[in-house]
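Peer 1: sequence first, then the predicted structure:
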Amino acid sequence: MRRTPIVLALAGVLALTSCSSSAEPGAQSAAPGSAAAPAAGGGSFAVITHGGAGDAFWDVVKNGAEAAGKQYGVKVTYQGDGDPAKQSQLIDQAVAEKVDGLVVSMANPDALKEAVGKAVAAKIPVVTINSGADSSKAFGALTHVGQSEDVAGRGAGEQLKAAGVTKLLCVVHEAGNVGLDQRCKGAEQTLGGTVERLQVDVANLADVTSKVTAKLQSDKQVNGVLALNPAVAVAARDAIKDSGSQAKLATFDLSGDVVAAIKDGEILFAVDQQQYLQGYLPITFLKLYKDNLNTVGGGLPVNTGPGFVTKDNAEQVAKLAEAGTR
């Protein structure tokens, strides 16, 4: 049985951000016996993801982490590498530097198990994000912040089914990424039709367009395409145009180009996991843990999605995407 996701965790964020700093000089301190706020102790937190340099999705995660660091007066460093071995080395380096907390995305949990284990053994609190929710607790992390990928996939499948899609091409852009596989499986569960996977390389978008074009030309029954990355979505949009296909396109995750394409009717919808929160919330949680030994989630993930961006709300989201927060 699937347990209900923790959604009240955001109350901790509201509590932190609602405190007033407008006390007049000379104001009296708290009355005897009243609760005092935890002392602010600074800190240094490392965010290490599987996102490559220049990836628009991960830039928003970075923006969220850095915004939280600025708000709480802590040092936040961000590094990313799509190679699990290199990502593990970055984690080892952070452990050696004795950071106060670690944020890690786990697209390939097995490859990161040893490195994350070293951090936990060194008494460095870990929050996992984005991918690897099923392994987070077992690896010793405080909590996981992200989106339930199978739930999001099922939501995408339902909407595509309602749009009349009967044969779907699910475009997988990172080999071995468990979260992407869960998205495709979720869509397959609710579509009620056929779902076929197409493996591409997100680092070669021209080749993505070429491969999707070739598939659409060779199989006229494909009337839907589901991208799992915003850059891949734009490449798939071009492929649909190049092939002369009438396939309907949807995607996971946002970028300015994706929002514009939704507004123009070229993309039906985007599944939004609100990745800004995947940067912002872990720094918040680690700061709370450092200063007050608070833990969030109660053993369950803290979900940041899924939400859906459609033509109805794309205009509002576009302004936020331009600001780097969506």
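Peer 2: Yep, that arrived.

Peer 1: in the protein, what spans have low per-residue confidence?
Peer 2: Low-confidence segments of the chain (pLDDT under 70): 1-41.

Peer 1: hey, where'd the helices end up in it?
Peer 2: Taking DSSP state H as the criterion, the chain contains helices spanning 10-17, 56-72, 84-96, 109-121, 133-136, 149-162, 178-191, 205-218, 230-243, 256-263, 275-292, 314-322.

Peer 1: in CSV, list the ones you listed along with distance to residue 169 and mean neighbour count.
Peer 2: No exception for glycine: its C-beta is placed from N, CA and C like everyone else's. Shown next, in CSV, are those (distance: least, CB to CB, whole Å; neighbours: other CB atoms under 10 Å):
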stretch, distance to residue 169, mean neighbour count
helix 10-17, 36, 12
helix 56-72, 21, 21
helix 84-96, 27, 18
helix 109-121, 27, 18
helix 133-136, 26, 22
helix 149-162, 11, 22
helix 178-191, 10, 21
helix 205-218, 6, 18
helix 230-243, 8, 22
helix 256-263, 17, 21
helix 275-292, 24, 25
helix 314-322, 23, 16
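
Peer 1: quick one: closest of the ones you listed to residue 301.
Peer 2: helix 133-136 (5.0 Å; CB to CB).

Peer 1: chain center to that closest one, what's the gap?
Peer 2: Taking CA atoms, centre = their mean, to the nearest Å, one finds the center of helix 133-136 at 14 Å from the center of the full chain.

Peer 1: equivalent analysis for stretch 248-261, please.
Peer 2: For stretch 248-261, the distance to the chain centre is 15 Å (CA atoms, centre = their mean).

Peer 1: just the C-alphas of stretch 97-117, formatted as CSV.
Peer 2: Taking Å, rounded to 0.1, in the frame of the first residue of the first chain, the C-alpha atoms of stretch 97-117 are listed here in CSV:
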residue,chain,number,x,y,z
GLU,A,97,36.0,18.9,3.6
LYS,A,98,33.8,18.1,6.5
VAL,A,99,30.7,20.0,5.3
ASP,A,100,27.8,20.5,7.7
GLY,A,101,25.3,18.9,5.4
LEU,A,102,25.1,17.2,2.0
VAL,A,103,22.4,17.2,-0.7
VAL,A,104,22.6,14.4,-3.3
SER,A,105,20.5,13.4,-6.3
MET,A,106,20.7,9.6,-6.9
ALA,A,107,19.8,8.8,-10.5
ASN,A,108,22.0,5.6,-10.0
PRO,A,109,21.6,4.8,-6.3
ASP,A,110,23.8,1.6,-6.4
ALA,A,111,26.7,3.5,-7.8
LEU,A,112,26.5,6.2,-5.0
LYS,A,113,25.8,3.8,-2.1
GLU,A,114,29.3,3.7,-0.9
ALA,A,115,30.0,7.4,-1.1
VAL,A,116,26.7,8.3,0.6
GLY,A,117,27.5,5.7,3.3
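
Peer 1: follow-up on the earlier one: closest one to residue 306 among the helices of the chain?
Peer 2: Taking these one by one with CB to CB, helix 149-162 is closest: 3.9 Å.

Peer 1: related to what we said a few turns ago, save the helices of the chain as a markdown table, and put in distance to residue 199 too.
Peer 2: Formatted as a markdown table, the helices of the chain follow (distance: least, CB to CB, whole Å):
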| stretch | distance to residue 199 |
| --- | --- |
| helix 10-17 | 36 |
| helix 56-72 | 19 |
| helix 84-96 | 17 |
| helix 109-121 | 19 |
| helix 133-136 | 22 |
| helix 149-162 | 17 |
| helix 178-191 | 10 |
| helix 205-218 | 8 |
| helix 230-243 | 11 |
| helix 256-263 | 21 |
| helix 275-292 | 23 |
| helix 314-322 | 28 |
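
Peer 1: figure out which of the ones you listed is closest to residue 300.
Peer 2: Once the helices of the chain are compared by CB to CB, helix 133-136 is nearest, at 9.5 Å.

Peer 1: contacts only, for residue 100.
Peer 2: Residues near residue 100 by CB atoms under 8 Å, 6 or more residues apart in numbering: 43, 44, 45, 74, 124, 125, 286, 290.
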